[in-house]
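>>> here is my input; please provide its structure:
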Amino acid sequence: MVLSKPKAYLLLISAFIALALFYQTVWLFSSTVNGKIVQYSRGVGKSKSLSFVEANYEVNNELFNSVYLRNGYLNNDGNIPIRYLIFCPGVSRMDTVSGNWGLVFSTGLSYFLITTICFLHRDIIPKDKKVKIQVKPPFISVYP
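Alright, predicted model coming up:
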């Protein structure tokens, strides 16, 4: 489909928002459990500023172990809230704001900035050009 520059921009941004909401919908219908903290650790090499937390959690009498980014989570009682997918309990994340929304916000911000720069800068996509979006490569191309 061949679109004008503003319509193509709005389509790309709204497509990302729709995909992000679909991704979050899967997690919305997941369950939570209290996990037991096994240990806190730091990154190795150049990533020494990263803090991790390792936790065990039990679902349907099966024990799972996962490592999460600590994200400033401070807890002294040894428990941590964990959200896991009902159909795949081995896939989990910390049930905090940063654990639930951090990936969506960080990728969304990067995607929004890159897309906005590409569409605003006149040397990347000129003013009166049309943008063709298609399913096969090249996915996005510019036409006069």
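
>>> residue 93 and residue 33: what is the separation?
Plainly put, residue 93 is 12 Å away from residue 33 if you go by C-beta to C-beta, to the nearest Å. Backbone N, C-alpha and C define where each C-beta goes, glycine included.

>>> who touches both of those two?
residue 82 (C-beta atoms under 8 Å, 6 or more residues apart in numbering).

>>> who has more neighbours out of those two?
residue 93 (19 against 16; other C-beta atoms under 10 Å).

>>> now do the same contact list for residue 144.
Applying C-beta under 8 Å, 6+ apart, we find residue 144 in contact with 129-130.

>>> repeat that for residue 50.
Taking C-beta under 8 Å, 6+ apart, one finds 42-43, 69 in contact with residue 50.

>>> from those residues, which ones fall inside helices?
Using DSSP state H, the subset of the contacts of residue 50 located in helices is empty.

>>> in PyMOL, select just the buried ones from those residues.
Selection of buried members from those for PyMOL, criterion 16 or more other C-beta atoms under 10 Å:
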select buried, resi 69
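
>>> tell me which of the contacts of residue 50 fall in strands.
42, 69 (DSSP state E).

>>> let's have the contacts of residue 50 in a markdown table, adding distance to residue 106 and pLDDT.
Converted to a markdown table, the contacts of residue 50 look like this (distance: C-beta to C-beta, whole Å; pLDDT from 0 to 100):
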| residue | distance to residue 106 | pLDDT |
| --- | --- | --- |
| 42 | 21 | 85 |
| 43 | 18 | 79 |
| 69 | 11 | 88 |
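
>>> pLDDT score for residue 136?
On pLDDT, residue 136 comes in at 94.

>>> for the residue nearest to residue 49 when sequence neighbours are not counted, what are its contacts?
Nearest residue to residue 49, sequence neighbours excluded (C-beta to C-beta, 6 or more residues apart in numbering): residue 43, at 7.0 Å. Taking C-beta under 8 Å, 6+ apart as the contact definition, residue 43 lies against 49-52.
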